[in-house]
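Chemist: Quick one, what's the 3D model for this:
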Amino acid sequence: MDAVIFDVDGTLADTERDGHLVAFNLAFQELGLPHRWEVEEYGRLLDITGGRQRLQAYLETQGMAQAERDEIVPRLHARKNERFQELVADGHVAARPGVARVLDELEAAGIRLAVATTGSRVWVEPLLERLFGLSRFSPVITGDEAPVRKPDPSAYLQAVGQLGLPTSSVLAVEDSANGLTAARAAGLACVVVANDLTRDHDFGGAALVVDSFEHLDPAILARVTAAPH
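Modeler: Numbers count the residues shown, from 1 in each chain. This is a model prediction of the structure:
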């Protein structure tokens with residue numbers, strides 16, 4: 001194993017539960033809408049990739065007409081993004097337990113660290129810098145470079161291309177079924193570290209599924225990468 005490429009949202013940090021969900025509900029409130037998403041419902045909505053698409057689909061189920069959705073969704077999504085960036089900057093989004101140790105151990109073993117996310121660079125880089133130090137990740141591929149969202153593999157393909165390594169020596173770490181599909185489509189073995197919102201996803205095709213970074217170390221990840229898939 002020469003490199004590990006990490007997803008960010010829900011993988012390195014609890015961004016979905018502690019960031020995006022909170023920001024969506026704040027945006028609903030600020031725009032005078034009655035909707036509030038609970039954790040369980042938001043977990044189901046994560047099957048729809050992309051905040052705008054998620055809002056469109058949800059508001060359609062609530063009986064909102066297309067013309068009204070087309071007018072309000074861009075405003076909702078813009079305000080949600082503003083509030084999310086504020087939550088990140090204020091330190092409300094934490095690293096998942098065990099992540100810092102795993103990153104330290106991988107670096108100590110000479111393993112390169114990279115990021116492949118379809119989140120926006122405007123919040124991804126500040127979050128990585130605050131939680132772990134941005135400079136330890138190279139490359140950092142975001143939605144600015146790979147705007148087609150997972151399960152499309154473009155973020156991973158770009159990361160692998162910039163690493164300049166064969167896919168057989170690179171491992172992906174994800175938290176969701178869409179992320180797993182993207183990594184596998186890029187030819188990578190993928191370890192899934194599920195969270196409270198993704199635990200019920202179908203992780204068929206994953207090289208390993210765990211529910212915490214506390215169960216991982218470089219030796220385990222190296223064995224996964226070396227195994228046939």
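Chemist: Give me every residue in contact with the lengthiest helix in the chain, excluding its own residues.
Modeler: The longest helix of the chain (DSSP state H) is helix 66-89. Here helix 66-89 makes contact (CB atoms under 8 Å, 6 or more residues apart in numbering) with 15, 18-20, 22-24, 26-28, 30-31, 33, 51-52, 55-56, 59-60, 64, 93, 120, 122-123, 126-127, 130. Where C-beta positions appear, they are placed from N, C-alpha and C, glycine not excepted.
Chemist: swap in stretch 22-30?
Modeler: 34-37, 42, 51, 55, 76-77, 79-81, 83-84, 87, 92.
Chemist: chain center to it, what's the gap?
Modeler: The chain centroid and the centroid of stretch 22-30 are separated by 20 Å under CA atoms, centre = their mean, to the nearest Å.
Chemist: Same check on stretch 16-36?
Modeler: 19 Å.
Chemist: Quick check: mean pLDDT of it?
Modeler: Per-residue pLDDT over stretch 16-36 has a mean of 96.
Chemist: before we move on, back to that, which members of the contacts of helix 66-89 are classed as buried?
Modeler: Among those, those buried by neighbour count (16 or more other CB atoms under 10 Å) are 15, 19-20, 22-24, 26-28, 51, 55-56, 59, 64, 93, 123, 127.
Chemist: Tell me where the chain has strands.
Modeler: With strands called from DSSP state E, the chain shows them at 3-6, 112-116, 137-141, 170-174, 189-193, 208-210.
Chemist: Show me what the third one pairs with in its sheet, parallel or antiparallel.
Modeler: Taking DSSP bridges as the criterion, strand 137-141 sits next to strand 112-116 (parallel) in its sheet.
Chemist: So Leu106 sits against Pro218, correct?
Modeler: Yes. At 5.4 Å, Leu106 and Pro218 qualify as touching, with contact defined as CB atoms under 8 Å.
Chemist: who's more crowded, those two?
Modeler: For Leu106 versus Pro218, the count of surrounding residues by other CB atoms under 10 Å is larger for Leu106: 23 against 17.
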